[in-house]
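Sequence and predicted model, in that order:
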Amino acid sequence: MWRLAYLIAWVGLVHATLVAHCVVGQSRGFPVRGVAESIRDNGMTALGGEPYTFLHIGVEQERDLWMTREASRLLPNVVSSNIDMDRALTLEEEAPYRNAALACPGEGLLGWDHPRSYPRRFLSQYLRIQRCYETVLAYEQSHQIKFDWVVRWRPDELLSVPQRPLSELSPSAVTVWDGCGVLDHAAFAPRHLSDAYFYAAEEVRACRPLRAYTDGCHQPLMVFYEQDAPPECILSARLAGLGVAVHRYPTPICMISATGGYRDHRCDKVHLRETCFKYPGCTIIK
């Protein structure tokens with residue numbers, strides 16, 4: 001009888017779905033009550049599989065470091081934690097991408113002279129995401145394992161409902177939440193497609209004309225430069241150019257900002273799970 005029990009346990013171990021969760025971005029409302037718990041319960045646990053959590057979170061104010069680190073303790077199986085003061089890219093970090101973009105024939109990606117231009121914002125966001133992903137790859141190598149899925153979460157979003165299990169998602173597509181373009185707030189990538197998403201910063205070197213990002217992208221163009229493209233549009237073109245299928249599904253979320261950003265948005269004043277979703281303007285529901 002004991003042999004059968006060991007066999008069942010061994011088979012379950014062999015077939016366990018290994019899921020790397022990259023929680024990456026600015027902390028903002030991550031320490032607010034209910035946010036980390038919702039990522040854990042309605043996000044990671046709901047997806048299923050064996051979770052491995054990788055944190056790459058920037059904090060805007062030093063006083064929030066402790067609260068962010070304490071909130072991170074609520075997440076399961078944290079194997080890598082990089083929680084530190086948020087900072088802008090250095091000129092040295094930016095230079096290879098900037099020079100490649102400026103060397104492109106024709107228009108390329110414009111607007112580099114403005115510190116908050118969309119190419120710079122895209123590069124800043126996706127180099128941060130790439131760094132988290134590289135810790136996932138290093139963990140795979142050092143522990144001689146291979147993850148089945150790599151998932152990206154923003155730390156400042158409260159998930160109001162359980163996410164669909166990974167078993168219901170396509171193993172041949174990157175799944176994102178429904179929104180404008182490829183909404184970049186979360187991604188569920190099978191491991192064989194994860195490089196395409198998590199190395200999206202490389203798109204800055206692609207020398208595509210501006211229309212490749214704006215044509216067919218429904219993201220409202222709230223731009224600092226007339227000839228510019230939001231990160232969602234750049235990401236959409238990146239995946240399409242690599243032939244990666246993208247599946248979308250709607251999910252209600254609330255962006256919680258406790259330490260900065262979205263100051264003019266009424267979501268900023270909503271901090272409790274009980275009241276958040278009474279504000280239609282604070283949710284993305286398709």
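Nice, I can see it. Numbering: from 1, shown residues only.

switch to C-alpha atoms for all contacts and neighbour counts from now on
Noted.

Now do the one helix or strand Ala196 maps to: everything it contacts.
The secondary structure element spanning Ala196 is helix 194-198 (assigned by DSSP states H and E). Under the criterion CA atoms under 8 Å, 6 or more residues apart in numbering, residues 126, 129-130, 133, 149-150, 174, 189, 235, 238-239, 242, 244 lie in contact with helix 194-198.

how about 10 Å then?
Residues from elsewhere that reach helix 194-198, judged by CA atoms under 10 Å, 6 or more residues apart in numbering: 126-134, 148-152, 173-174, 184, 187-189, 200, 202-203, 235-236, 238-244.

Please indicate which of those residues are buried?
Buried residues within the contacts of helix 194-198, counting neighbours by 16 or more other CA atoms under 10 Å: 126-133, 148-152, 173-174, 184, 187-189, 200, 203, 235-236, 238-239, 244.

from the residues you listed, which ones fall inside strands?
Trp149, Val150, Val151, Arg152, Val174, Ala187, Phe188, Ala189 (DSSP state E).

List the contacts of the fourth one.
What that stands for is Arg152. By CA under 10 Å, 6+ apart, the contact set of Arg152 is 20-25, 54, 129, 132-133, 176, 184-189, 197-198.

cool, the second one as well?
In this structure, Val150 makes contact with 18-22, 51-52, 133, 136, 174, 187-195, 197-198, judged by CA under 10 Å, 6+ apart.

returning to that earlier point: so which of the ones in strands among the buried ones among the contacts of helix 194-198 comes closest to Glu92?
Distance to Glu92, by CA to CA, is smallest for Arg152 among those, at 26.3 Å.

Identify the bridge partners of the closest one.
With DSSP bridges applied, Arg152 shows beta-bridge pairing to Cys22, Ala187.

any idea how far it is from Cys22?
Between Arg152 and Cys22 the computed distance is 5 Å (CA to CA, to the nearest Å).

which residues do these two both contact?
Counting by CA under 10 Å, 6+ apart, the contacts common to Arg152 and Cys22 are Phe54, Ile129, Cys132, Tyr133, Ala186, Ala187.

In a markdown table: the residues you listed, plus distance to Pro96.
As requested, the shared contacts of Arg152 and Cys22 are exported to a markdown table (distance: CA to CA, whole Å):
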| residue | distance to Pro96 |
| --- | --- |
| Phe54 | 26 |
| Ile129 | 17 |
| Cys132 | 20 |
| Tyr133 | 20 |
| Ala186 | 27 |
| Ala187 | 26 |
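
Please work out the average pLDDT along stretch 41-54.
When pLDDT is averaged over stretch 41-54, the result is 97.

Ends of it, what's the gap?
Terminal-residue distance, stretch 41-54 (CA to CA): 16 Å.

Show me where the stretch 101-250 of the chain has its helices.
Using DSSP state H, counting those that start in this stretch, the helices assigned to the stretch 101-250 of the chain run over residues 118-143, 194-198, 211-214, 231-241.

So for stretch 23-38, what gets flagged as buried?
By neighbour count, with 16+ other CA under 10 Å as the criterion, the buried positions of stretch 23-38 are 23-32, 34-38.

Can you tell me which helices and strands the one helix or strand Ser80 maps to packs against?
Secondary-structure assignment from DSSP H and E places Ser80 in strand 78-85. Counting contacts by 3 or more CA pairs under 10 Å, 6 or more residues apart in numbering; DSSP states H and E, strand 78-85 is packed against strand 18-26, strand 50-59, helix 65-72, helix 118-143.

Gln141: how many residues sit nearby?
Under the neighbour criterion other CA atoms under 10 Å, Gln141 is assigned a count of 11.
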